[in-house]
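**Q** coords please:
(one chain, ligands or ions: 2)
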Amino acid sequence: MRIGYGEDAHRLAPGRPLVLGGVRVPSPVGPIAHSDGDALLHALTDALLSAIAAGDIGALFPNDDLKNRDRSSREFVDAALARVRARGLRPVEVRGVVVLDAPKLGPHRPAIAASVARLLDLAEEGVGLTFKTSEGLAPHHVQARVFVRLDRL
Ligand code: C5P
Ligand code: MG
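**A** Ligands and ions are numbered 1, 2, ... in the order given. Predicted coordinates:
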């Protein structure tokens, strides 16, 4: 059994699409980012890589490489997952926290959890997601923290 942990944060600005866990969430603000700015999938990618001590997302997809501009973050997860599987391991449990003052994410929890489960080929009960506001401490940011547990394939 292996445990991995990852974090990510993006600044928010009006008029940008908000994508979390691969799901587009209706919102007047979205992340300023080089890719689609999916903080949950970026934290998940780092969690997967950290579980196998394989560095982090920047080593796989340098954010100064134009090729990576506007890339779907699903590709980042897929690349990390391929490395996990190459070591004979698979994710069996994901626990994530997203900190965002608005909009409310609760109504989108089933869709986001299902999307993450599908990406990892994992049962839906294997994905636990918690949403928190920053209580106004970081109103213009979205932050994500993710634990992942791997087991043998
Ligand atoms: O941060 P706080 O504890 O005030 O959040 C209260 C509740 O609001 C959370 O437990 C969560 O259910 C929900 N929430 C949400 N979407 C957010 C932030 C919080 O659904 N962006
Ligand atoms: Mg990011």
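**Q** contacts, neighbours, all on C-alpha from now
**A** Fine.
**Q** helix, strand, or coil at the one residue sitting closest to the centre of the chain?
**A** Centroid-nearest residue in the chain, with CA atoms, centre = their mean: Leu41, separated by 1.8 Å. Three-state assignment for Leu41 (DSSP: H, G, I helix; E, B strand; the rest coil): helix.
**Q** can you pull the contacts of it?
**A** Going by CA atoms under 8 Å, 6 or more residues apart in numbering, Leu41 touches 20-22, 73-74, 76-77.
**Q** what does Leu119 give?
**A** By CA under 8 Å, 6+ apart, the neighbours of Leu119 are 74, 77-78.
**Q** what parts of this protein come near ligand 1?
**A** Applying CA under 6 Å from any ligand atom, one finds that the chain approaches ligand 1 through 100-106, 131-134.
**Q** contacting residues around the lowest-mean-pLDDT helix or strand in the chain?
**A** Least confident helix or strand of the chain, by mean pLDDT, DSSP states H and E, is helix 57-60 with a mean of 87. Helix 57-60 is contacted by residues 42, 45-46, 49, 76, 79 when judged by CA under 8 Å, 6+ apart.
**Q** on that earlier part again, which among the contacts of Leu119 end up buried?
**A** Neighbour counting with 16 or more other CA atoms under 10 Å marks 74, 77 as buried within the contacts of Leu119.
**Q** among the contacts of Leu119, name the ones in helices.
**A** In this view, the contacts of Leu119 that belong to helices under DSSP state H are 74, 77-78.
**Q** and which of the residues you listed is nearest to Gly55?
**A** Among these, Val77 lies closest to Gly55 (CA to CA), at 13.7 Å.
**Q** what distance do you get for that closest one to Pro31?
**A** 18 Å (CA to CA, to the nearest Å).
**Q** before we move on, back to that, now the residue nearest to the centre of the chain: how far from Ala33?
**A** Taking CA to CA, one finds Leu41 at 13 Å from Ala33.
**Q** same check, this time on Asp56
**A** To Ala33, Asp56 is 17 Å away according to CA to CA.
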